[in-house]
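K.L.:
curious how this folds, go ahead:
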Amino acid sequence: MDRRVVIQGIAGLALGGAALGQRGRRRIRLAFCSQLLCIIPYEVAQRRGYFAEEGLDVELVYARGGSQALQFLVGKAVDYAATSLDAALQAYQQGAPILRFCSTGRLPLFALAAAPKSPIQGVRDLEGKAVGVSALGNADHVLLVYLLKKAGVDPRRVQYATLGPNLYEALKAGHVGAGMVQEPALTLLKEAGGRELVNLMDLKQARAYLGGPYEFMGVAVRREERAARLEEMRALARALERALRFVRAADARLIADTLPKALIAGGDEARLKAVIERYRKDLYPEGVRIDLEAARRVAESQQEAGLLPPGFRLEGLLDLEVLGA
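P.N.:
Model prediction:
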């Protein structure tokens, strides 16, 4: 489906889980958030034929964020939802009957960056300062609180400036001294004189500041359909694992060329390739099995931010048996 068809509503979508698609392949719909670095393995699996070779006719459905993708899943407009674990945890906590069984991303897509001419040099300098986040309770805010606690800084002594999704302009203008940004905002900010303080898209830095990987993108299914879809889930996971291997091994130019042109239209293709080259071996794991410790860090961060209650059972959401040990 082209340009990133963002579903306008779910009412018109027919259920497709049991239908047969092209050449007898099993037709499924998979919704995911539209963050470019999240979707690369899925588009690679689609366009290089890995789904088809597993007998799957996959329709990739671009949603407006992980929460909407999960709403599509719960509402049975799609068969699977690929989202951040943050979004899946919140949906599960609110009663969504879902299981997460597969992982395609092991680091969050955020970095803490200082504005040009900002005196802030590190995490400890944030105490008493205003730091930009997209919104309170969003993944960047939760991650910042976790980062502060890990660094021994009391999060209550930091002011959170909610700036919406475009923090780049506010940082570039110096409205706040630091903020949580994504790519390509981080690259643009550095070009404008800003500085990278902690880049959590870098595996070494994630280990240093968070204690290790931080489960991010992965696939969920409706709990009630687990038994009926078990082999389909494994086939989906095999195709995605092949895509991960391709992304980790291939030249960034080839990866970018594999993506639909409509997806990157209007963007800076050279910068995109540079971003892919820098992060591909850190962001994307070698396999699709969920790293339980990495997932626990995410749950812990949400507990620290007050989004999950003490004693929350992560195991109720994760299904580690689908793909085995």
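
K.L.:
which element, helix or strand, includes Leu188?
P.N.:
Taking DSSP states H and E as the definition, one finds Leu188 inside helix 185-191.

K.L.:
quick one: mean pLDDT over the next helix or strand after that helix.
P.N.:
On the C-terminal side of helix 185-191, the closest following helix or strand by DSSP H and E is strand 195-199. What strand 195-199 shows for mean pLDDT is 96.

K.L.:
by contact count, what packs against strand 195-199?
P.N.:
For strand 195-199, the packing partners by 3 or more Cβ pairs under 8 Å, 6 or more residues apart in numbering; DSSP states H and E come out as strand 111-114, helix 185-191, helix 203-210. Where C-beta positions appear, they are placed from N, C-alpha and C, glycine not excepted.

K.L.:
please redo it, this time with the cut-off set to 7 Å
P.N.:
Contacting strand 195-199 under the criterion 3 or more Cβ pairs under 7 Å, 6 or more residues apart in numbering; DSSP states H and E are the following elements: strand 111-114, helix 203-210.

K.L.:
need the ones you listed in a markdown table (columns: mean neighbour count and distance to Val322).
P.N.:
Formatted as a markdown table, the entries for the helices and strands packed on strand 195-199 read as follows, by neighbours: other Cβ atoms under 10 Å; distance: least, Cβ to Cβ, whole Å:
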| stretch | mean neighbour count | distance to Val322 |
| --- | --- | --- |
| strand 111-114 | 26 | 32 |
| helix 203-210 | 16 | 25 |
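
K.L.:
touching, Arg223 and Leu99? I think so.
P.N.:
Yes: because the distance of 5.0 Å satisfies Cβ atoms under 7 Å, Arg223 is recorded as touching Leu99.

K.L.:
between those two, which one's more packed in?
P.N.:
In terms of neighbours (other Cβ atoms under 10 Å), Leu99 is the more surrounded of Arg223 and Leu99; the figures are 20 against 15.

K.L.:
which strand or helix spans that one?
P.N.:
When secondary structure is defined using DSSP H and E, the element that contains Leu99 is strand 98-103.

K.L.:
so what touches that strand?
P.N.:
Among residues not part of strand 98-103, those counted as contacts by Cβ atoms under 7 Å, 6 or more residues apart in numbering are 73, 88, 91-92, 215, 218-223, 226, 233, 237, 240, 285, 288-291, 317-319, 322-323.

K.L.:
filter those residues down to the buried ones.
P.N.:
Among those, those classed as buried by neighbour count (16 or more other Cβ atoms under 10 Å) are 73, 88, 91-92, 215, 218-222, 226, 233, 237, 240, 285, 288-291, 317-319, 322-323.

K.L.:
and the next helix or strand past whatever helix or strand Tyr279 lives in?
P.N.:
If you go by DSSP H and E, Tyr279 is part of helix 269-283. For helix 269-283, the following helix or strand on the C-terminal side (DSSP H and E) is helix 292-304.

K.L.:
for that following helix, which residues meet the burial criterion?
P.N.:
Buried residues in helix 292-304, counting neighbours by 16+ other Cβ under 10 Å, are found at Ala294, Ala295, Arg296, Arg297, Val298, Ala299, Glu300, Ser301, Gln302, Gln303, Glu304.

K.L.:
can you list the buried residues in stretch 67-85?
P.N.:
Judged by neighbour count (16+ other Cβ under 10 Å), stretch 67-85 contains these buried residues: 67-74, 77-85.

K.L.:
run the chain-centre distance for that stretch.
P.N.:
Remark: stretch 67-85 is offset 13 Å from the chain centroid, using Cα atoms, centre = their mean, to the nearest Å.

K.L.:
cool, and stretch 162-182?
P.N.:
In terms of Cα atoms, centre = their mean, the centre of stretch 162-182 is found 20 Å from the chain centre.

K.L.:
CA atoms only for that stretch, dumped as PDB, please.
P.N.:
As requested, the backbone C-alpha atoms of stretch 162-182 are provided in PDB (Å, rounded to 0.1, in the frame of the first residue of the first chain):
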ATOM      1  CA  THR A 162       6.300  19.800  27.000                       C
ATOM      2  CA  LEU A 163       7.100  20.900  23.500                       C
ATOM      3  CA  GLY A 164       5.200  18.400  21.200                       C
ATOM      4  CA  PRO A 165       6.800  16.200  18.600                       C
ATOM      5  CA  ASN A 166       9.100  18.900  17.100                       C
ATOM      6  CA  LEU A 167      11.700  19.600  19.800                       C
ATOM      7  CA  TYR A 168      14.300  20.500  17.300                       C
ATOM      8  CA  GLU A 169      13.100  24.000  16.600                       C
ATOM      9  CA  ALA A 170      12.800  24.800  20.300                       C
ATOM     10  CA  LEU A 171      16.200  23.500  21.100                       C
ATOM     11  CA  LYS A 172      17.800  25.200  18.100                       C
ATOM     12  CA  ALA A 173      16.300  28.500  19.300                       C
ATOM     13  CA  GLY A 174      17.500  27.900  22.800                       C
ATOM     14  CA  HIS A 175      14.000  27.900  24.400                       C
ATOM     15  CA  VAL A 176      15.300  25.000  26.600                       C
ATOM     16  CA  GLY A 177      18.800  24.000  27.400                       C
ATOM     17  CA  ALA A 178      18.300  20.300  26.600                       C
ATOM     18  CA  GLY A 179      15.800  17.900  25.300                       C
ATOM     19  CA  MET A 180      15.000  14.400  24.200                       C
ATOM     20  CA  VAL A 181      15.200  14.200  20.400                       C
ATOM     21  CA  GLN A 182      15.100  11.500  17.700                       C
END
